[in-house]
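Student: Fold the following and give me the result.
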Amino acid sequence: LASAVAAPVEGNVDPTGWLPNELMILILLHLVYSFDDCQRVCKRWHRLCRDRQMKVVMDLSRWRGYVNGTVSPRTMTGHTNWVYALAVGKQGKVYSGSADRTVKVWCGSTGDLLQTLTGHADGVRALAIGHDEKVYSGSRDCTIKVWSGDDG
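Tutor: Numbering: from 1, shown residues only. A predicted model of the protein is given here:
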């Protein structure tokens with residue numbers, strides 16, 4: 001892309017200057033896959049790529065394969081009833097709470113089931129992870145369980 005627009009522009013004027021930033025962002029999402037390429041196109045694109053909001057939008061482009069169907073999401077199976085709650089820990093562990101009364105701990109990068117936590121008398125409807133990495137689960141049995149990294 002950078003080489004395609006590297007040809008000299010008459011009067012050294014940005015040919016995209018008349019386009020609104022919102023349209024430029026959409027163009028960037030469809031044409032550019034890295035900030036390095038984006039920043040080499042022209043000064044305006046360089047400024048857009050340095051913008052913090054633009055970095056967030058560009059980061060969303062990694063999901064493009066899921067949207068157009070070329071990449072399938074990983075499926076983690078193991079619960080025997082509906083999943084009502086999810087939480088992601090700092091070490092990449094994924095926690096899921098289900099109507100089957102369990103909290104399951106998954107490896108986020110591989111999708112492997114690491115552990116099943118039991119103790120609730122009814123479905124788990126809420127999960128939260130504290131600053132200390134303890135996992136808090138809330139259930140329809142009107143209890144909150146606290147799970148540490150050592151025991152769960």
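Student: Could you pull out the helices in this protein for me?
Tutor: 21-31, 35-41, 43-50, 52-60, 64-67 (DSSP state H).
Student: separation between Thr75 and Lys93?
Tutor: With the distance defined as Cβ to Cβ, to the nearest Å, Thr75 ends up 17 Å from Lys93. Where C-beta positions appear, they are placed from N, C-alpha and C, glycine not excepted.
Student: if you count what's nearby, which of the two comes out ahead?
Tutor: For Thr75 and Lys93, the more surrounded residue by other Cβ atoms under 10 Å is Lys93, and the numbers stand at 19 against 6.
Student: For the more buried one, give the beta-bridge partners.
Tutor: Here Lys93 shows beta-bridge partners Cys107, assigned using DSSP bridges.
Student: Contacts only, for it.
Tutor: If you count contacts by Cβ atoms under 8 Å, 6 or more residues apart in numbering, Lys93 has them with Val105, Trp106, Cys107, Gly108, Leu114.
Student: Check whether the first one really touches Gln91, as I assumed.
Tutor: No: the criterion here is Cβ atoms under 8 Å, and Val105 misses it with Gln91 at 10.6 Å.
Student: Quick check: closest non-adjacent residue to Lys104.
Tutor: Leaving aside its chain neighbours, Lys104 sits nearest to Ser96 (5.0 Å; criterion: Cβ to Cβ, 6 or more residues apart in numbering).
Student: Do I have it right that that neighbour meets Leu86?
Tutor: Yes: checked against Cβ under 8 Å, the pair Ser96 and Leu86 is within contact range at 5.5 Å.
Student: Common neighbours of those two, please.
Tutor: With contacts taken as Cβ under 8 Å, 6+ apart, the residues that reach both Ser96 and Leu86 are Leu127.
Student: And the two? Which one has more around it.
Tutor: Ser96 (20 against 11).
Student: mind listing what the more buried one touches?
Tutor: Met76, His79, Val83, Ala85, Leu86, Val103, Lys104, Trp106, Leu127.
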